[in-house]
Every structure is written in C-alpha cells, then in structure tokens.
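[1] Build me a model:
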Amino acid sequence: MDSDFISLYNIFLLDESIKFPDVDFTLDGIIGFGGDFNTYRLLDAYSQGIFPWPNEDEIFWFLPDMRMMLYPQNFKYPKSLRQIIRNKGFEIRVDTQFRNIMQLCADFRGKDRDATWILPEMLDAYEYLHKLGLAHSFETYLDGKLVGGLYGISLGSAFFGESMFSLVPNASKVALHFLSQQAKAWDFSFIDVQVYNQHFDKMGAYEIPNIIFQQELKQALKNKTKQGLWTSKVSLDLFYKLD
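    Alright, predicted model coming up:
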C-alpha cells in the first residue's frame, strides 16, 4: 500500500503512535493499519468504536459506516433455543477459561473460513486485558465439557463482542443468551456485534449508522466499568430466565 493511497483515503499507518486520528471517512470501514496490540492502543480503539481485524501479517483497524448492534432487551428466542436451554443440559460459566475460549475461537473453522484472524499476539494482548478485568469469556458446557462460548471487551456499559465458537450445535447461542440476560440485568447499553451477521440478525440484532453508534458509545462510556472477574458477580439463575 503506497503513501499516495494512504493519503488519498485517510488510511493512517500506525507506528509508534498510540492514539487514533480523527477522520471524516474511511475506506470500506478501514481507519488505519499497522501498529501492534499495545494495551493503551486497544483501549483507545474500543473507546472510539474501532476494532482490529488482522489479515495475514498486517493489522487493519476498522470503524464501519454501519454498526451491528444487539440491545439486551431485544434479544430474540427462537422456539428451538428455548427448548434447548430447558432440556439439553447445557451449563454456563464466566471467566474461567478466557484464553482457552480465545484459542478455540481461533481454531474454529466455519464453512467459508480458511484461516483465523486471531493471531498469537492477540491471544497475549487480550489475555492481559482479561487480567485487568476488562475482557471476559462466556462459556458453554455439556456433560462437564467445554463445547462453546464467546469473548469480548467491556467498557462502561458497553460490551464489545469479538468472536464465538460452537463444537456442538447451538452452544454459542446459549452463551449469547446468558450474556444478553446478564447485560440486561446490569443495565448495559448494548452488545456491539461490529458488522452484519445473519446469525445475530435472527437473534434480534440490527444495524445502525456509525454516527448514531458514536453517540450511544459516548453515553455508555460515561457509566462505570464493571471491572474484574465476573465469575462470582454474574447470576447463574438468569441462564434459565427466558424473557
């Protein structure tokens, strides 16, 4: 990518700079590339709605024009999910295997995915955010075995969803169900899904313009971050609550 291209489209090369620049527009949602997963850079990124999406050996930083959002109170329960939660024997845990959840997300291969974007250095960086009490995992178990889950970042009253996986059908949906219930109980503003996903569309998420997202994010960040391990803070009884 040459310098003229970078200048023309306001795509910024991140080297030693930690802070992200203010821009009026992006190129297909890309605000910059390069840099690393420095803790301060990651926190600055998420506080502006920016997230990393590595491609091979390069880190791209995204700020989409349209944002996929799941508001906890709007979570939809397909009839099948209600039956699964009631009858399938799934259990839920939180923040007990964060790095393992990330690794399984990295290893997971969807039908159209040939390689993961979760790099080894991302595992280290997000595990450190977990130790700071800012990154969290929601884990689904069946017969005592980890079979699905998701992870993300929590700042203020916002939860930024990053990735999820299922080793058995519906395991990730079960984790999302509990996240939504707990987020609603804690008066979280939203769960950020980042970009359009048909799976989340069916669960009640929808897209909003970035300008609206930025307003909602600004308000959410005014609230106190629920920092620390959530293992003992969550209410597992909410798992069986089907609103």
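[2] Show me the domain layout of this protein.
    What automatic domain parsing lists as the domains of the chain is 3-63, 68-240.
[3] Compare the ones you listed and say which comes out lowest on pLDDT.
    Lowest mean pLDDT within the domains of the chain: domain 3-63, at a mean of 75.
[4] Can you tell me the SS state at Ser80?
    At Ser80 the chain is in helix, as set by DSSP: H, G, I helix; E, B strand; the rest coil.
[5] Then Phe138?
    strand.
[6] how far away is the most centrally placed residue in the chain from Phe200?
    Closest residue to the average C-alpha location of the chain: Gly161 at 1.4 Å, with Cα atoms, centre = their mean. Separation of Gly161 from Phe200 (Cβ to Cβ, to the nearest Å): 9 Å. Where you see a C-beta, it was placed from the backbone N, CA and C, and this is true even at glycine.
[7] shared neighbours of those two, which are they?
    70, 193 (Cβ atoms under 8 Å, 6 or more residues apart in numbering).
[8] what about Asp143, neighbour count?
    Using other Cβ atoms under 10 Å, Asp143 has 8 other residues around it.
[9] can you pull out the strands in this structure?
    Assigned by DSSP state E, the chain shows strands spanning 12-14, 30-34, 51-52, 60-62, 66-70, 90-94, 135-142, 145-155, 158-166, 190-194, 206-209.
[10] hang on, the earlier thing: return the most buried member of the domains of the chain.
    Stretch with highest mean neighbour count among the domains of the chain: domain 68-240 (a mean of 17; mean count of other Cβ atoms under 10 Å).
[11] Quick one: end-to-end length of that one, please.
    Across domain 68-240, the terminal residues are separated by 26 Å (Cα to Cα, to the nearest Å).
[12] Residues in a beta bridge with the nearest residue to Asp192 once chain neighbours are set aside, which ones?
    With Cβ to Cβ, 6 or more residues apart in numbering as the criterion, Asp192 has its nearest non-adjacent residue at 4.5 Å, and that residue is Phe160. Beta-bridge partners for Phe160, by DSSP bridges, are Ile153, Asp192.
[13] and Phe160, what does it touch?
    Here Phe160 is in contact with 46, 51, 152-154, 192, 194 (criterion: Cβ under 8 Å, 6+ apart).
[14] Out of these, the closest to Gly204 would be?
    Asp192 (14.0 Å; Cβ to Cβ).
[15] what's the distance between the closest one and Val94?
    18 Å.
[16] Contact partners for Phe90?
    By Cβ under 8 Å, 6+ apart, the contact set of Phe90 is 84, 140-142, 171, 174.
[17] among the residues you listed, which two are most distant?
    Spatially, the most separated pair among the contacts of Phe90 is Ile84 and Tyr141, at 13.7 Å (Cβ to Cβ).
[18] which residues of the chain fall in helices?
    Secondary structure of the chain (DSSP state H): helices at 3-8, 39-47, 79-87, 98-107, 120-131, 171-185, 198-201, 210-220.
[19] now those as TSV including distance to Leu229?
    Shown next, in TSV, are the helices of the chain (distance: least, Cβ to Cβ, whole Å):
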stretch	distance to Leu229
helix 3-8	41
helix 39-47	18
helix 79-87	24
helix 98-107	9
helix 120-131	9
helix 171-185	14
helix 198-201	26
helix 210-220	21
